[in-house]
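**Student:** I need the structure of the sequence given here:
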Amino acid sequence: MNKHDPWEPLKQFTAARIAMGRAGSSIPVSNLLQFNVAHAHARDAVYSVLDREVLVEGLEQSGLPLLQVHSQARNRQEYLQRPDLGRLLDERSLEILNQHAGTPCDVSLVVADGLSARAVNAHAVAVLEVLTAMLQAAGHTLAPVCLATQARVALADPLAHALHARLSIILIGERPGLSAADSLGAYITYAPRPGLTDESRNCISNIRPQGLPYQPAAHRIFYLVQEALRRGLSGVGLKDNSLNQDSLEP
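**Tutor:** Numbering: from 1, shown residues only. Take a look at the predicted model:
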């Protein structure tokens, strides 16, 4: 009997749980313990909080004004039980945005905790540093950067609308899985306004060193921004053909 497992070489290409083997009718104890650890990390990520001091310091290096806003979800428990409240800005945040709403601009940038503040703490500043440089080099006007708490993806819609932005980009902590608890997502929406749904957005997922690294992620976001502004759309009508481009540099 050939004891060679053809699945074994595939482990180098994925963090997914494959070729684990078995112990009787179950999986080996070592794999079970690893699963339990990964599950604990995922649960911890959902309840992680933004490192405001580090994030504010890093985001201010962009040279853009920084605004801190909050959804209508008052705490984490309410955020998890009422996803609708995470999509709406509270009254104080609307006042702040109205005070800083100036002339129309091209892009609104949002950094939000989402379902893994841990991912935002680890990756958001590095991605935004590359991305803002590319957007500014291309001549795009930028709204103040917003740091949002207890936020869902759709919170970027009323936020960008209040700032008179043609397009919104939100960097947000993704739902943690058993392979990664620190995955950052980017969502791009053209003509953001309250009431939009997910088919209006483009998503770039799994931004982290072990997934999609910062530089390629920023390049793909930039490509979608350029195409969205040029064609006047985003979402299901806009495809990511960035890998077919010779260069994504502005």
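
**Student:** Ala124 touches Leu55, doesn't it?
**Tutor:** Yes - with contacts counted by C-beta atoms under 8 Å, Ala124 reaches Leu55, the gap being 7.0 Å. Quick note: C-beta positions are derived from backbone N, CA and C, even for glycine.

**Student:** neighbour count winner among these two?
**Tutor:** Using other C-beta atoms under 10 Å, the more surrounded residue of Ala124 and Leu55 is Ala124, with 26 against 21.

**Student:** helix, strand or coil for that one?
**Tutor:** Here Ala124 is helix, with the state taken from DSSP: H, G, I helix; E, B strand; the rest coil.

**Student:** quick one: it from Gly195, how far?
**Tutor:** Per C-beta to C-beta, to the nearest Å, Ala124 is found 26 Å from Gly195.

**Student:** hang on, the earlier thing: which neighbours do Ala124 and Leu55 share?
**Tutor:** Val111 (C-beta atoms under 8 Å, 6 or more residues apart in numbering).

**Student:** tell me the contacts of Gln215?
**Tutor:** Val130.

**Student:** would you say it is within a strand?
**Tutor:** No - when classified by three-state DSSP, Gln215 is found to be helix rather than part of a strand.

**Student:** show me the shaky parts of the chain.
**Tutor:** 1-3, 245-250 (pLDDT under 70).

**Student:** where do the strands of the protein begin and end?
**Tutor:** Using DSSP state E, the strands found in the chain span residues 66-70, 105-112, 145-149, 165-173, 184-190, 201-207.

**Student:** so the longest one versus strand 201-207, what angle?
**Tutor:** By that I understand strand 165-173. Per axes from the mean of the first three to the mean of the last three C-alpha atoms, to 10 degrees, the angle that strand 165-173 makes with strand 201-207 is 30 degrees.

**Student:** mind giving me the packing neighbours of strand 165-173?
**Tutor:** strand 105-112, helix 117-137, helix 156-162, strand 184-190, helix 214-231 (3 or more C-beta pairs under 8 Å, 6 or more residues apart in numbering; DSSP states H and E).

**Student:** between these, which one is nearest to Leu147?
**Tutor:** Evaluated with C-beta to C-beta, the helices and strands packed on strand 165-173 place strand 105-112 nearest to Leu147, the distance being 5.3 Å.
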